[in-house]
Every structure is written in C-alpha cells, then in structure tokens.
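missing the sequence, but the structure's below:
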C-alpha cells in the first residue's frame with residue numbers, strides 16, 4: 001500500500017497543476033467570448049454597423 005501511495009502522490013500533484021491551468025484557460029476563454037459578444041451587440045445596435053465575423057467574411061468572399 002505504501003508503494004501505491006508513493007506512486008500516486010506525484011501524479012496527484014501533476015493533476016492539480018493541470019487542473020489549475022485548465023481552469024484558468026477556461027475562465028479566460030469564457031471572459032473573451034463575453035467581451036466579444038458585448039462588443040458585437042454594441043456595434044450592431046449602438047452604432048448600426050456590425051463587425052465582420054469569420055463566417056460572414058467567408059460567405060461574402062466565397063459567394064459574393
């Protein structure tokens with residue numbers, strides 16, 4: 001049992017660090033999505049000029 005504990009302890013530390021890094025990336029990604037969405041809404045309804053999103057740019061370049 002001690003051998004198993006010795007083997008698992010370092011893996012547990014690595015897992016905790018990966019969990020922290022993954023959580024930070026997730027928080028940053030969601031924050032960025034919120035900011036981009038707010039900017040798009042303000043641009044579209046506040047300034048009556050939508051931002052060019054990749055889907056719209058691809059559609060106009062392909063079929064336009």
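Noted; the coordinates are in hand. What you are looking at is a predicted structure, and each value in this text was computed from that prediction instead of being measured. Numbering: from 1, shown residues only.

how near is the spatially most central residue of the chain to residue 18?
Among the residues of the chain, the one closest to the centroid is residue 29, at 2.3 Å (C-alpha atoms, centre = their mean). Separation of residue 29 from residue 18 (C-beta to C-beta, to the nearest Å) stands at 16 Å. C-betas here are computed from N, CA, C, even on glycine.

Distance of the residue nearest to the centre of the chain relative to residue 7?
Computed as C-beta to C-beta, the residue 29 to residue 7 distance reads 33 Å.

the bottom helix or strand of this protein by mean pLDDT?
Here the helix or strand of the chain ranked lowest by mean pLDDT, DSSP states H and E is helix 54-63, holding a mean of 55.

Just the element for residue 36, please.
Using DSSP states H and E, residue 36 sits within helix 2-41.

Check the offset of that helix from the chain's centre.
11 Å (C-alpha atoms, centre = their mean, to the nearest Å).

Repeat that for stretch 43-55.
Mean-position distance between stretch 43-55 and its chain equals 21 Å (C-alpha atoms, centre = their mean).

Give me the three-state assignment for residue 50.
Here residue 50 is recorded as coil under DSSP: H, G, I helix; E, B strand; the rest coil.

I'd say it and residue 44 touch.
Yes. Assessed by C-beta atoms under 8 Å, residue 50 is found in contact with residue 44 at 4.6 Å.

which stretches of the chain have low pLDDT?
53-64 (pLDDT under 70).

Pull the number of nearby residues for residue 36.
12 (other C-beta atoms under 10 Å).

gap between it and residue 46?
Per C-beta to C-beta, residue 36 is found 15 Å from residue 46.

what does residue 5 give?
59 Å.

can you check residue 13 too?
Going from residue 13 to residue 46 by C-beta to C-beta gives 49 Å.

repeat for residue 34
Relative to residue 46, residue 34 is positioned 17 Å away (criterion: C-beta to C-beta).

just residue 30 next, same as before
Plainly put, residue 30 is 23 Å away from residue 46 if you go by C-beta to C-beta.

Over to residue 24?
Computed with C-beta to C-beta, the distance linking residue 24 and residue 46 is 32 Å.

ok, now residue 1?
In this view, residue 1 and residue 46 are 64 Å apart by C-beta to C-beta.

Great, nothing more from me.
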